[in-house]
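In: here are the coordinates; sequence isn't available:
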């Protein structure tokens, strides 16, 4: 397990069936998934520990992540299987300008598969734990 | 893991190059750590996507840099914004949102970026050469720079673009490095008929299919004719970067790092081989439409921004006919392309025919289009992908020929024959 961006979070897991482009895919004001082609359209990422295997789509995703951290409508943390720079940047910049980082963790497939939607998890410097 | 910093990198971090360079370098180094880069490298140009307004955070970031007297160190172009400064009346959005968007644009200009306002910086006169290391954001521009120009940029998001421009440095990782540019997945289109491969509309559909099936890997396309045009490769790459996370592709016989299939894979074997059949292409095409109707309400072309050649083709297709009065017909393009196409005599006749040119922005990222209840037609897979979610419209994907025919009559007109044999 590695931290792309360090930080603490706890929340319910929302495991995405498909990767999501944050820009064009999430309403930054409400946190709702707006991509009509995404299987989980209509669900909210707000306060969730979002799981997606890898990143997708627009490079404006970084801005939507940063805006979500600023406004509080974004995810609490993100768990991935592959590092994604576009997602990482949004959190790094929110940390620089607001002092608020959202943790982004990259885990092995075996660990990724142990969590499912609805699980309550805590992300801390020790890693991810079910609570 | 720590990143080995050069003397210059360290002097930036220490503040000797000014406070903005220190902040920008901190962001670059943090990203470099996340990318597991062991060092940074010089970049010679940047393309900034951060100039599109998404809410207060992006403006806070730009002001944060500007307050530290940030100036770009390398030639830097700007992507689309939320406003059309050449046709300001086209903006129909919230007034305050427009004011914030303008503040953001001005901020980036004051930092020394060129006000190009285009998502197709590769259509500008000065563009990166083969092998040049650059820091580009905007998913379609990234794919084009890597694949078609053979320049090298990683899949950068907003924020790092301007940081790299301020320092002239970027993480030595990802698509900057030889070993990460080799193909992963082989897509064979050998079985498709030649007449389909000779249609513009085939390329965005192929891109959509490839993006969905490439995961985070680099696709290699085998079986296309040699020397596929830049406009077709642009449409392919933009579609693949919207439906997937493609930052680079190889088209054997067309892109510079793929004179042969073996070269594209750098001698290794593909992790997967996908035979692209006409059934798969038709299924991918159908995924791009959300509706079918006998009438259309609008047409939107130019995502990514139309080139001079594409505007010329549009001019020829209109052939002195006019847009139906009940249809709004938009074409998004860059201001530099608009100027050139205007000098070549294509713009005035098209405007007289009822075509609305949109510059500096795009119809699916900002409120420009008049509300329509009927579907909107487009020749862009990227527009077809994002517009339904962004604008709440129904979309019908078709060839530019279909879009023009439908725009003139107001009735949906699609030539289905091109998709089947012969």
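Out: Yes, it's here. Source: prediction; values computed, not measured. Numbering: from 1, shown residues only, chains lettered A, B, ... in the order given.

In: In the chain, where is pLDDT below threshold?
Out: Using chain A here. Within chain A, no range satisfies pLDDT under 70.

In: let's do chain B instead
Out: The low-confidence ranges in chain B, as defined by pLDDT under 70, are B:1, B:421-422.

In: what's the spacing between residue A:87 and residue A:128?
Out: Computed as C-beta to C-beta, to the nearest Å, the residue A:87 to residue A:128 distance reads 17 Å. For glycine as for every other residue, the C-beta is placed from the backbone atoms N, C-alpha and C.

In: So the two - more neighbours on which side?
Out: Using other C-beta atoms under 10 Å in any protein chain shown, the more surrounded residue of residue A:87 and residue A:128 is residue A:87, with 29 against 22.

In: Just say helix, strand or coil for that one.
Out: helix (DSSP: H, G, I helix; E, B strand; the rest coil).

In: Stretch B:104-119 spans what distance, first to last residue?
Out: Terminal residues of stretch B:104-119 lie 17 Å apart, using C-alpha to C-alpha, to the nearest Å.

In: Stretch B:158-172 too?
Out: Stretch B:158-172: ends 18 Å apart by C-alpha to C-alpha.

In: Buried residues in it, which are they?
Out: Using 16 or more other C-beta atoms under 10 Å in any protein chain shown as the test for burial, stretch B:158-172 gives B:158-172.

In: So which of the residues you listed reach chain A?
Out: Among the buried residues of stretch B:158-172, the residues that sit close to chain A (C-beta under 8 Å from any C-beta of the partner chain) are B:158, B:159, B:160.

In: On the C-terminal side of the top strand by length along chain B, identify the next helix or strand.
Out: Counting residues, the longest strand found in chain B (DSSP state E) is strand B:298-306. Next along the chain after strand B:298-306, taking DSSP states H and E as the criterion, comes helix B:308-318.

In: Contacts for that following helix next, please.
Out: B:123, B:229, B:231, B:301-302, B:306, B:331, B:333, B:337, B:340-341, B:344, B:346-347, B:349-350, B:353, B:355, B:400-401, B:404, B:408 (C-beta atoms under 8 Å, 6 or more residues apart in numbering or on different chains).

In: For residue 103, grab the count of nearby residues.
Out: Looking at chain A here, since you left the chain open. The tally of other residues near residue A:103 (other C-beta under 10 Å) stands at 22.

In: think we crossed wires, I meant chain B
Out: Using other C-beta under 10 Å, residue B:103 has 13 neighbouring residues.

In: re earlier: what are the pairing partners of the longest strand of chain B, and which direction each?
Out: strand B:328-333 (parallel), strand B:376-378 (parallel) (DSSP bridges).

In: just to revisit the earlier point, what subset of the contacts of helix B:308-318 is buried?
Out: In the contacts of helix B:308-318, the ones that pass as buried (16+ other C-beta under 10 Å) are B:123, B:231, B:301-302, B:306, B:331, B:333, B:337, B:340-341, B:346-347, B:350, B:353, B:355, B:400-401, B:404, B:408.

In: Out of the residues you listed, list just those in strands.
Out: Using DSSP E, B:301, B:302, B:306, B:331, B:333, B:355 are the members of the buried ones among the contacts of helix B:308-318 that sit in strands.

In: Closest one to chain A out of the residues you listed, please.
Out: residue B:302 (17.1 Å; C-beta to the nearest C-beta).

In: coming back round to it: could you look over the strands paired with strand B:298-306 and pick the most buried one?
Out: strand B:376-378 (a mean of 30; mean count of other C-beta atoms under 10 Å in any protein chain shown).

In: list the contacts for whichever residue of chain B sits closest to chain A?
Out: Going by C-beta to the nearest C-beta, chain A is nearest to residue B:157 of chain B, at 3.4 Å. For residue B:157, the contacting residues are A:59, A:60, A:61, A:62, A:63, A:85, A:86, A:87, A:89, A:90, B:49, B:137, by C-beta under 8 Å, 6+ apart.

In: What are the boundaries of the helices in the stretch 251-400 of chain B?
Out: In the stretch 251-400 of chain B, the segments counted as helices under DSSP state H, counting those that start in this stretch are B:261-264, B:278-287, B:308-318, B:335-343, B:347-352, B:381-391, B:400-409.

In: need the ones you listed in a markdown table with distance to residue B:186, can you?
Out: Shown next, in a markdown table, are those (distance: least, C-beta to C-beta, whole Å):
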| stretch | distance to residue B:186 |
| --- | --- |
| helix B:261-264 | 7 |
| helix B:278-287 | 14 |
| helix B:308-318 | 30 |
| helix B:335-343 | 34 |
| helix B:347-352 | 41 |
| helix B:381-391 | 21 |
| helix B:400-409 | 29 |
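
In: Quick check: which of those helices is buried the most?
Out: Comparing the helices of the stretch 251-400 of chain B by mean neighbour count (mean count of other C-beta under 10 Å), helix B:381-391 comes out on top with a mean of 27.

In: Among the contacts of residue B:157, which one is most surrounded by other residues?
Out: Neighbour max across those (other C-beta under 10 Å) = residue A:62, 35 neighbours.

In: ok now do that residue, which residues does it touch?
Out: Taking C-beta under 8 Å, 6+ apart as the test, what residue A:62 contacts is A:86, A:87, A:89, A:90, A:93, B:157, B:158, B:159, B:160.

In: Would you reformat those residues as TSV and include distance to residue A:107?
Out: Compiled in TSV, the contacts of residue A:62 are given as follows (distance: C-beta to C-beta, whole Å):
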residue	distance to residue A:107
A:86	19
A:87	14
A:89	20
A:90	19
A:93	23
B:157	21
B:158	26
B:159	25
B:160	24
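
In: Just name the closest of the residues you listed to residue A:112, please.
Out: residue A:87 (15.4 Å; C-beta to C-beta).

In: what's the spacing between the spatially closest residue to that closest one that is not a sequence neighbour and residue B:214?
Out: Closest residue to residue A:87 apart from its sequence neighbours, by C-beta to C-beta, 6 or more residues apart in numbering or on different chains: residue A:55 at 5.4 Å. To residue B:214, residue A:55 is 13 Å away according to C-beta to C-beta.

In: next one: residue B:117
Out: Taken as C-beta to C-beta, the span from residue B:117 to residue B:214 is 30 Å.

In: which of these two has more neighbours?
Out: Between residue B:117 and residue B:214, counting by other C-beta under 10 Å, residue B:117 is the more crowded of the two (25 against 22).

In: mind checking which helix or strand that one is in?
Out: Using DSSP H and E, residue B:117 falls within no helix or strand.

In: can I assume it is in contact with residue B:335?
Out: Yes: using C-beta atoms under 8 Å, residue B:117 is in contact with residue B:335, at 6.2 Å.

In: Report the buried residues of stretch B:120-128.
Out: For stretch B:120-128, burial by neighbour count (16+ other C-beta under 10 Å) applies to B:120, B:121, B:122, B:123, B:127, B:128.
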